[in-house]
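Peer 1: okay, sequence plus prediction incoming.
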2 protein chains.
Amino acid sequence: MNHPHTGLALRSTVKTGGTLELSLVNVPVPETKPDEVIVRMEASPINPSDQGLLFAGADMSTATASGTPERPVVTARLSPAALRAMAGRLDQPMPVGNEGAGVVVRAGSSPAAQALMGKTVAILGGAMYQQYRCIKAVQCLVLPPGTTPAEGASCFVNPLTALGMVATMRAEGHRALVHTAAASNLGQMLVKICLADKVDLVNIVRRPEQVALLKKIGAAHVCDSSSPGFVEELTDALAATGATVAFDAIGGGPLAGQILAAMEAAATRTAKEYSRYGSTVHKQVYIYGGLDRGPTVLNRTFGMAWGVGGWLLTAFLQKIGFEAAQTLRERVAAEIKTTFASTYTKEVSLAEALRLDEIAIYSRQATGAKYLINPNRGLGPGPR
Amino acid sequence: MNHPHTGLALRSTVKTGGTLELSLVNVPVPETKPDEVIVRMEASPINPSDQGLLFAGADMSTATASGTPERPVVTARLSPAALRAMAGRLDQPMPVGNEGAGVVVRAGSSPAAQALMGKTVAILGGAMYQQYRCIKAVQCLVLPPGTTPAEGASCFVNPLTALGMVATMRAEGHRALVHTAAASNLGQMLVKICLADKVDLVNIVRRPEQVALLKKIGAAHVCDSSSPGFVEELTDALAATGATVAFDAIGGGPLAGQILAAMEAAATRTAKEYSRYGSTVHKQVYIYGGLDRGPTVLNRTFGMAWGVGGWLLTAFLQKIGFEAAQTLRERVAAEIKTTFASTYTKEVSLAEALRLDEIAIYSRQATGAKYLINPNRGLGPGPR
């Protein structure tokens, strides 16, 4: 039995003077309440959604390293605008890491908690970039036997977001959907979900080689935004599928507006009469990510029946309620090695995650540059 | 009794070669079906929503005049992009004019139509820039005795849009609203409606003198976007009112995003805990006009609970249904000389509306440069 008293944890702090500080601290492992367990974290992905909290909008090209290899400290500058946006978290050391997986090494007295002892579980809820995470038993998703923490590290953010897109499409009366940055781990999951559920999906990627990647796993419609014929190819795919809702991971630039315009062009291809207000077909783009943090630029050439808005997983899960969300979670656990399989470029320790050369790679958020943190890597089973 | 056989009508034609042609044609006055009437049009406003159809996105600085003073012809060039957007109306002479008022001079045999003979009525439905308009009796809004066609010319577009904003605010669970270009005829109506209905309204105007204009009619919150303290003043007004929905007539530029950011700042003023996804308060901007046809530029600094979308009167009226819309129309007729009173800079004939010097003025769509067309001005009671 492991009885760790303390463990390493990553902290991100924005200081009043306008600097970001990333560091590792030793924190006590709390005593478990009856309904809680302690998970020894062995795998936690660095998602784009984690990097917002981690880097706080700092200019990472200004990053400098200090401290020791075991206890590195990274410092970087925030622009005045970025600093203003962080007013709510000034001088508070923030724990980071939305999700992860590990092994239950201590359990509270309740039967539900006790039943988890020794099990490999996936968990969601922040503060995952640490050796030991205390969490309620009910929040643990038990992974199928034979599943490693690395395989189960990304059970929530990407899988539930992909499932949430299809559910949102249905709930709002659309019959097919569009996805951007579609070669990502999330995008590949969405391709598999849509194939299994017989939903038409239009994938938008940014490089020619990503077309082949998605075609290989069965995607029917893949449009490359770097192609000179992009707008026409997209319009053709939208006309073929009838997709009138898009989920956009990029956010900045003209893409959201281009998608709306192509949807409108597809809708009016069959129109009999001109209307200067455009078609009556409602066209929607949900921005769920910010790979491009620049402004969203909408050239409004798509009539009046349109919407652009934010889409957030936690808001979606709250809207559908616990029962419906649990059904989604169980599907993820059952299909974690197939539909919801993730791939990572590299596994790093907490200290390695704060090396400047590693940050330079994973902060690009490029397809094929995804990191997995193992908070117990190289640290043994922890103090006893 | 008038029995006009033909009447003048304005036409807007986009020609394949990329030119816009505005002209007057003589068209037959149709025989009335039993449920129809003929209205001798005496007043029809040139609304921003009419100018989109009228000018078709042509560059009116290139306009040239030909024809005669009685039958003027105006020609202007469209950019290739504007021409592409007009593909649906190429070489079709389009009638123009959304709404207007006049006197019923001929009626079909049905009792409903006969009851309208000689009455001054307001009508909506396009093709109002002509001497005689055939329309169903049920579509006529009878104006209260003593109301002139000029007073009743704008019974629909502005009044129903203003009422629709308040209704949309309520239906979507907001408790106060924001309006831009708020010194317009529509904006002044909205101020009066909100005072009568006890709804908090934040007015955004573009010039200091417009602040005084709106304060004079009772507006409590007026923010001038040309003021150096605009963002702070707006945030204060949003915090005071709790407004989380805005109706924007401008469309292009940064304003929609500034409003969302100020709403978010107001929402997080009282927040206890930092969330990197922003507040959970849904913030919405509806773009209902396009005074600035440039791109909408959204600097996404307002969390994830936000939406921007098109808002169109006809879609709103369809959604609420005929009965509810009729209630709104009757309120407009009853308050046409008070709440819904409009003011015009000038009354012009159809031919005068096509003079280049007049176009140069009303096409600016500036507050205080609104024109009224009287299609029968200077033409007598029409051929018998």
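Peer 2: Cool, got the structure. No experiment lies behind these values; they were computed from the predicted model shown.

Peer 1: need the contact list for A:Gly152.
Peer 2: Shown in contact with A:Gly152 (C-beta atoms under 8 Å, 6 or more residues apart in numbering or on different chains): A:Ala43, A:Ala101, A:Thr120, A:Val121, A:Ala122, A:Leu141, A:Leu143, A:Ala333, A:Ile336. Any C-beta I mention is one placed from the backbone N, CA and C, and that applies to glycine too.

Peer 1: could you rerun that using 6 Å?
Peer 2: Contacts for A:Gly152 (C-beta atoms under 6 Å, 6 or more residues apart in numbering or on different chains) come out as A:Ala101, A:Ala122, A:Leu143, A:Ile336.

Peer 1: please apply the same query to A:Val103.
Peer 2: Taking C-beta under 6 Å, 6+ apart, we find A:Val103 in contact with A:Arg40, A:Thr120.

Peer 1: can you tell me the helix or strand for it?
Peer 2: In this assignment (DSSP states H and E), A:Val103 forms part of strand A:99-107.

Peer 1: gap between that strand and the chain center?
Peer 2: Mean-position distance between strand A:99-107 and its chain equals 20 Å (C-alpha atoms, centre = their mean, to the nearest Å).

Peer 1: name the residues of the very next helix or strand once past it that are buried.
Peer 2: Using DSSP H and E, the next helix or strand after strand A:99-107 towards the C-terminus is helix A:111-114. In terms of neighbour count (16 or more other C-beta atoms under 10 Å in any protein chain shown), helix A:111-114 has its buried residues at A:Ala112, A:Ala113.

Peer 1: just stretch A:370-379 next, same as before
Peer 2: Residues A:Lys370, A:Tyr371, A:Leu372, A:Ile373, A:Asn374, A:Pro375, A:Asn376, A:Arg377, A:Leu379 are the ones in stretch A:370-379 that count as buried (16+ other C-beta under 10 Å).

Peer 1: where is pLDDT lowest across these?
Peer 2: Within those, the minimum per-residue pLDDT falls on A:Leu379 (82).

Peer 1: look up how far A:Lys216 lies from that residue.
Peer 2: Counting by C-beta to C-beta, to the nearest Å, the separation of A:Leu379 from A:Lys216 is 38 Å.

Peer 1: ok, back up a step: so which of the contacts of A:Gly152 comes closest to chain B?
Peer 2: Chain B lies nearest to A:Ala122 out of the contacts of A:Gly152, by C-beta to the nearest C-beta, at 21.4 Å.

Peer 1: any idea how far A:Val166 is from the closest one?
Peer 2: Taking C-beta to C-beta, one finds A:Ala122 at 21 Å from A:Val166.

Peer 1: before we move on, what about A:Gly290?
Peer 2: Separation of A:Gly290 from A:Val166 (C-beta to C-beta) stands at 22 Å.

Peer 1: so for these two, which sits in the more crowded spot?
Peer 2: A:Gly290 (21 against 17; other C-beta atoms under 10 Å in any protein chain shown).

Peer 1: for that one, which non-adjacent residue is spatially closest?
Peer 2: Setting aside the residues directly before and after it, A:Gly290 is nearest to A:Gly251 in space (C-beta to C-beta, 6 or more residues apart in numbering or on different chains), at 4.3 Å.

Peer 1: what about that neighbour, how many residues nearby?
Peer 2: Other residues close to A:Gly251 by other C-beta under 10 Å number 22.

Peer 1: same deal with A:Glu70?
Peer 2: 12.

Peer 1: what does the model give A:Thr367 for pLDDT?
Peer 2: 69.

Peer 1: cool, and A:Arg84?
Peer 2: 87.

Peer 1: for it, phi and psi?
Peer 2: phi -60, psi -40 (degrees, to the nearest 10).

Peer 1: so who does it touch?
Peer 2: Shown in contact with A:Arg84 (C-beta under 6 Å, 6+ apart): no residues.

Peer 1: same check, this time on A:Ala353
Peer 2: Per C-beta under 6 Å, 6+ apart, neighbours of A:Ala353: A:Ile373.

Peer 1: what do you get if the cut-off is 10 Å, keeping everything else the same?
Peer 2: A:Ala353 makes contact with A:10, A:22, A:24, A:44, A:46, A:54, A:72, A:74, A:96-97, A:129, A:346, A:359, A:362, A:371-375, A:377 under the criterion C-beta atoms under 10 Å, 6 or more residues apart in numbering or on different chains.

Peer 1: can you flag the buried ones in those residues?
Peer 2: By 16+ other C-beta under 10 Å, the contacts of A:Ala353 give A:10, A:22, A:24, A:44, A:46, A:54, A:72, A:74, A:96-97, A:129, A:359, A:362, A:371-375, A:377 as buried.

Peer 1: show me which residues of the stretch 51-200 of chain A sit near chain B.
Peer 2: A:52-54, A:56-57, A:81-82, A:84-90, A:92, A:94 (C-beta under 10 Å from any C-beta of the partner chain).
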